[in-house]
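In: Pasted the sequence and its predicted model underneath.
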Amino acid sequence: MTISLIGLPGSGKTTVGRLLSRRLRLPFLDSDTVIEQQLGCSIREFFEREGEARFRDIEADVIDTLTQVPEGVLSTGGGAVLRPANRVNLHSRTKVVYLNSSPDDLFRRLRHDKNRPLLQVADPLGRLRDLYSQRHPLYKETAHFQVDTGRPSVASLVNMILMQLELDGSVGTV
Ligand SMILES: Nc1ncnc2c1ncn2[C@@H]1O[C@H](COP(=O)(O)OP(=O)(O)OP(=O)(O)O)[C@@H](O)[C@H]1O
Ligand SMILES: O=C(O)C1=C[C@@H](O)[C@@H](O)[C@H](O)C1
Ligand SMILES: [Mg+2]
């Protein structure tokens, strides 16, 4: 069984996913990293040069491939739920966990970050609020369960996710 993590930029998909993969002794897959390897440049550069639609086409191919890996932990890009085909592939082929973070928490975490192209705007907090209202329903629709990332540390979040996965039989006792 592959476990996928979805959520807004900065919700912790990469950080939580890496630790979860270690705990489960499963390979760690990060769709943004795979895309950057394929492109040979950063996602930010590609976005600037070719635009978002071209990026989403490549992302859809990568999600299609990675959701067919039989066992792993897959961290997705924040916008992976935008395409209906990605939502179907993620939900039907993997166990999907939504890392639900409030725009204010994310703003605090990402204020100084220059690598998230969607947040390089005059009002990043407003942008995060818009992204949240647009995407929260899509994340909920795609996920099998959600965890709220407000206060817990990364290690506690991983324990909470492991408990859920054990309860529903997706993984054995870790
Ligand atoms: N639960 C948490 N508590 C505090 N800080 C966290 C938590 N989860 C992640 N972080 C920090 O927030 C930042 C963003 O995390 P991360 O890169 O894992 O997010 P992401 O969801 O993969 O983002 P993206 O969609 O842009 O790839 C990192 O600096 C990370 O250390
Ligand atoms: O939220 C988004 O739309 C994105 C998030 C990142 O993970 C990258 O996949 C890319 O920067 C787009
Ligand atoms: Mg990430």
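Out: Structure received. Residues are numbered from 1 along each chain as shown. Ligands and ions are numbered 1, 2, ... in the order given.

In: hey, which helix is longest across the chain?
Out: Determined from DSSP state H, the single longest helix within the chain is helix 124-142.

In: what helices or strands is it leaning on?
Out: Packing contacts for helix 124-142, counted by 3 or more Cβ pairs under 8 Å, 6 or more residues apart in numbering; DSSP states H and E, involve helix 84-93, strand 95-100, helix 103-110. Bear in mind the C-beta positions are built from the backbone N, C-alpha and C, glycine included.

In: So is the helix or strand just after it next to ligand 1?
Out: Next along the chain after helix 124-142, taking DSSP states H and E as the criterion, comes strand 145-148. No. Strand 145-148 is not in contact with ligand 1 by Cβ under 6 Å from any ligand atom; minimum separation 9.6 Å.

In: Name all residues that make contact with residue 127.
Out: By Cβ atoms under 8 Å, 6 or more residues apart in numbering, residue 127 lies in contact with 118, 119, 121.

In: For it, give me the pLDDT.
Out: pLDDT for residue 127: 93.

In: Equivalent analysis for the one 10 residues further on, please.
Out: The model reports residue 137 with a pLDDT of 98.

In: Now do it against residue 144, distance only.
Out: Distance from residue 137 to residue 144, counting by Cβ to Cβ, to the nearest Å: 16 Å.

In: Comparing these two, which residue is more hemmed in?
Out: residue 144 (17 against 10; other Cβ atoms under 10 Å).

In: If you tally nearby residues, what's the number for residue 73?
Out: There are 27 residues near residue 73, going by other Cβ under 10 Å.

In: That one sits in which helix or strand?
Out: Per DSSP H and E: strand 72-75 holds residue 73.

In: List the strands paired with that strand, with their directions.
Out: In the sheet, strand 72-75 lines up against strand 2-6 (parallel), strand 28-30 (parallel) (DSSP bridges).

In: Just put these in a markdown table and tack on mean pLDDT and mean neighbour count.
Out: As requested, the strands paired with strand 72-75 are exported to a markdown table (pLDDT from 0 to 100; neighbours: other Cβ atoms under 10 Å):
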| stretch | mean pLDDT | mean neighbour count |
| --- | --- | --- |
| strand 2-6 | 97 | 26 |
| strand 28-30 | 97 | 19 |
